[in-house]
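A.B. asks: Pasting the sequence and the predicted model now:
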Amino acid sequence: MTYSLVTGGAGFLGSHLCDHLISKGHFVICVDNLITGSPDNIAHLIGHDRFKFIRHDVTEFLYVTEDLDYIFHFASPASPIDYLKFPIQTLKVGSLGTHKALGLAKNKQCRFLLASTSECYGDPLVHPQTEDYWGNVNPIGPRGVYDEAKRFAEAITMAYHRHHGVATRIVRIFNTYGPRMRLHDGRALPAFIFQAMTDQEVTVFGDGSQTRSFCYIDDLIRGIYALMMSDENEPVNIGNQAEISILDFAKEVIRLTDSKSKIVFEALPVDDPKIRQPDISKAKRVLNWEPEVELVDGINRSIPYFKKKVQQEIAD
Ligand code: NAD
Ligand code: UDP
């Protein structure tokens, strides 16, 4: 039996990863303190004979008795409103939590994959962003708690690789979307879909000219699994290259939900990156991976989930 441990496994990405690992025949141990995740995301896995949930804060000593093959370290608040609400927890999970997860990987002599982020590039001065770009991060701004925690996490991951010989992988994840995002996590897609489905004004921050490149969840998970199974120790970008302005993204959501909502412009959050697009040449070359789901298709695939969430909220 192959044993995988997923920290943050009750979150958006982590729960999809748990599903993928179960489908590959792994025994999956999900460790999560539910600070931003939800038991709903893994409810369908509870009772499965190859799934175990441990409620635990990974910044505290972490140990399991199973002989692990893989650790996927996904625990961390990830949406800007979450890490602004939990700044200290975000810094702690990126630093202390990554240290504990790496310690467990060293002890078990298993592979370790860090979920890092495009935020390591900050407000980038290189476009599209390649893995050899060192970034433009404001360490003391409000987003610094997340960006610097992830940059520290990358540094300690490479140190465990170089100094202790742990087989580590680092994925720099670009904006990802799909079912199981929280309706009110503040990220662009859930915010716009909720507003559009309830005919409220759609809030575009700034003038909406800032860009993002949105990757559908299934593509991302496939790329992360391929990276774990590869021999690549240095960071790899995984994301969709199709870049869109946030204003056009809002218009697309309004169109695809047949909404009558109007767009309103609100203040741009501090240090909000102006542009973001992954260069995925390395992922194509090393992993033979590239995204397959186009934005319109991905939004359409996400709509039924969000519709159900909105209906539940209205009924409550
Ligand atoms: P999420 O908030 O849905 O999931 C994070 C999970 O980690 C939650 O279930 C939360 O309860 C758990 N967690 C947080 N601190 C913990 C702790 N101390 N101990 C145990 N569990 C803890 O966020 P997500 O979007 O699924 O992001 C998952 C990971 O991927 C994060 O590390 C994030 O930085 C990274 N990432 C995500 C994106 C994206 O677009 N979603 C982009 C870049 C990077
Ligand atoms: N955004 C917006 N309106 C919202 C939520 C987000 O205009 O209601 C913008 C946000 O300012 C950013 C982009 O959408 O420029 C993506 O935001 P998200 O929080 O999804 O991700 P991140 O900023 O981490 O890339």
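C.D. replies: Cool, the structure landed. Residues are numbered from 1 along each chain as shown. Ligands and ions are numbered 1, 2, ... in the order given.

A.B. asks: All the strands of the chain, residue numbers only.
C.D. replies: Assigned by DSSP state E, the chain shows strands spanning 3-7, 27-32, 51-55, 70-73, 111-117, 168-173, 176-177, 202-205, 211-213, 215-216, 236-238, 243-245, 263-266.

A.B. asks: which other residues reach the longest one?
C.D. replies: The one in question is strand 111-117. Strand 111-117 has contacts (C-beta atoms under 8 Å, 6 or more residues apart in numbering) with 8, 13, 69-74, 76, 78, 98, 101-102, 105, 146-147, 150, 153-154, 157, 160, 166-173, 224, 227-228, 235. For the C-beta atoms, the positions are set from N, CA and C on the backbone; glycine is no exception.

A.B. asks: returning to that earlier point: to ligand 2, which of the strands of the chain lies closest?
C.D. replies: strand 202-205 (3.5 Å; C-beta to the nearest ligand atom).

A.B. asks: just for the stretch 101-250 of the chain, where's the confidence low?
C.D. replies: The model of the stretch 101-250 of the chain has no residue with pLDDT under 70.

A.B. asks: Would you mind naming what in it lies close to ligand 1?
C.D. replies: On the criterion C-beta under 6 Å from any ligand atom, ligand 1 has as its neighbours in the stretch 101-250 of the chain the residues 115, 117, 173, 175-176.

A.B. asks: Just flag the most distant two among those residues.
C.D. replies: 115 and 175 (13.5 Å; C-beta to C-beta).

A.B. asks: More neighbours: which of the two?
C.D. replies: residue 115 (26 against 18; other C-beta atoms under 10 Å).

A.B. asks: per-residue pLDDT, residue 314?
C.D. replies: Residue 314 is assigned a pLDDT of 88 by the prediction.

A.B. asks: Next one: it from residue 76, what distance?
C.D. replies: 31 Å (C-beta to C-beta, to the nearest Å).

A.B. asks: Give me the spatial nearest neighbour of residue 125, chain neighbours excluded.
C.D. replies: Nearest non-adjacent residue to residue 125, counting by C-beta to C-beta, 6 or more residues apart in numbering: residue 136, 5.1 Å away.

A.B. asks: List the contacts of the one you found.
C.D. replies: By C-beta under 8 Å, 6+ apart, the contact list for residue 136 reads 121-125.

A.B. asks: Kindly report the same for residue 42.
C.D. replies: Contacts of residue 42 (C-beta under 8 Å, 6+ apart): 9-10, 15, 18, 30, 51, 53.

A.B. asks: now do 10 Å
C.D. replies: When contacts are counted by C-beta atoms under 10 Å, 6 or more residues apart in numbering, residue 42 touches 6, 9-11, 14-15, 18-19, 28, 30, 32, 48, 51, 53, 180.

A.B. asks: Any chance of a PyMOL selection covering the buried ones in these?
C.D. replies: Only the buried entries of the contacts of residue 42 go into this PyMOL selection, using 16 or more other C-beta atoms under 10 Å:
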select buried, resi 6+9+10+11+14+15+18+19+28+30+32+51+53+180
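
A.B. asks: follow-up on the earlier one: let me have the contacts of residue 136 in CSV, extended by neighbour count and distance to residue 215.
C.D. replies: Below are those laid out as CSV (neighbours: other C-beta atoms under 10 Å; distance: C-beta to C-beta, whole Å):
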residue, neighbour count, distance to residue 215
121, 27, 15
122, 23, 19
123, 19, 20
124, 20, 17
125, 12, 22
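
A.B. asks: export the residues of the stretch 101-250 of the chain next to ligand 1 to a markdown table and tack on distance to residue 203?
C.D. replies: Output for those, formatted as a markdown table (distance: C-beta to C-beta, whole Å):
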| residue | distance to residue 203 |
| --- | --- |
| 115 | 28 |
| 117 | 23 |
| 173 | 24 |
| 175 | 17 |
| 176 | 21 |
